[in-house]
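> model the following, please.
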Amino acid sequence: MAIDALVKPLLGVELFRGLRPLQVTEIARRAFRTVYKPGEVIIAAGSEGDAAVLIVSGEAERVEGPEGPMSQTLPLGTLLGEMAMLIETEHTSTVVARSTVRALRIARSEMQEQMADDSQLADHFVTRIAERLSRIAGELRQIDGALGESDGVLAGAMQAVAPAVGPAAPLLH
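The predicted model follows:
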């Protein structure tokens, strides 16, 4: 697959939006191209993740999620286990190939090496993740307000998240 064909799906991933074209091209260059046959497990719940997997073509289905068994067809461009490319984490879902799936496997070791070479890339990820946490904290505030439990469990959870993200800031869309 030509590098341009691999860069395009990366540009659709929220976490990569706002990166310079050269940064995205370098992520694609460092990614492993892989093929999953029908029935093969792409990621498994409970397993340690060491990479994110971007579905470039084919059909994949989430058969288990944090809530238990399920059936959810995943669209092309879905990034599975995105945090695994940045930090040690355990997958919370099981995803299986339903047809031949072509994918990019973005290994944590490669991403960390790229971030060591390009500190702006690391700053970008910190900013995007902080925005996401801020958005989640805002949603928790709304839920807490709707429940009328300002001293409840959700308020405690929000206080735990607040130091990590700082004050709520406008989000980039």
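> show me where the protein has its helices.
3-11, 21-30, 108-117, 119-147, 153-165 (DSSP state H).
> those helices: which one's closest to E61?
Taking CB to CB, helix 3-11 is the member of these nearest to E61, at 18.4 Å. No exception for glycine: its C-beta is placed from N, CA and C like everyone else's.
> name the residues of the closest one that are buried.
For helix 3-11, a neighbour-count test (16 or more other CB atoms under 10 Å) marks 6-7, 9-10 as buried.
> on that earlier part again, adding mean pLDDT, write the helices of the chain out as CSV.
Below are these laid out as CSV (pLDDT from 0 to 100):
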stretch, mean pLDDT
helix 3-11, 81
helix 21-30, 94
helix 108-117, 95
helix 119-147, 87
helix 153-165, 56
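> just send these back as a markdown table, with distance to L86 too.
Below are these laid out as a markdown table (distance: least, CB to CB, whole Å):
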| stretch | distance to L86 |
| --- | --- |
| helix 3-11 | 15 |
| helix 21-30 | 12 |
| helix 108-117 | 6 |
| helix 119-147 | 6 |
| helix 153-165 | 15 |
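> what's the closest of these to G65?
helix 119-147 (17.4 Å).
> same for that closest one, what does it pack against?
Helix 119-147 sits against helix 21-30, helix 108-117, helix 153-165, with contacts defined as 3 or more CB pairs under 8 Å, 6 or more residues apart in numbering; DSSP states H and E.
> switch the cut-off to 6 Å
In terms of contacts (3 or more CB pairs under 6 Å, 6 or more residues apart in numbering; DSSP states H and E), helix 119-147 is packed against helix 153-165.
> return the closest of the buried residues of helix 3-11 with respect to S119.
So of the buried residues of helix 3-11, ranked by how close each gets to S119 (CB to CB), first place is L10, at 19.9 Å.
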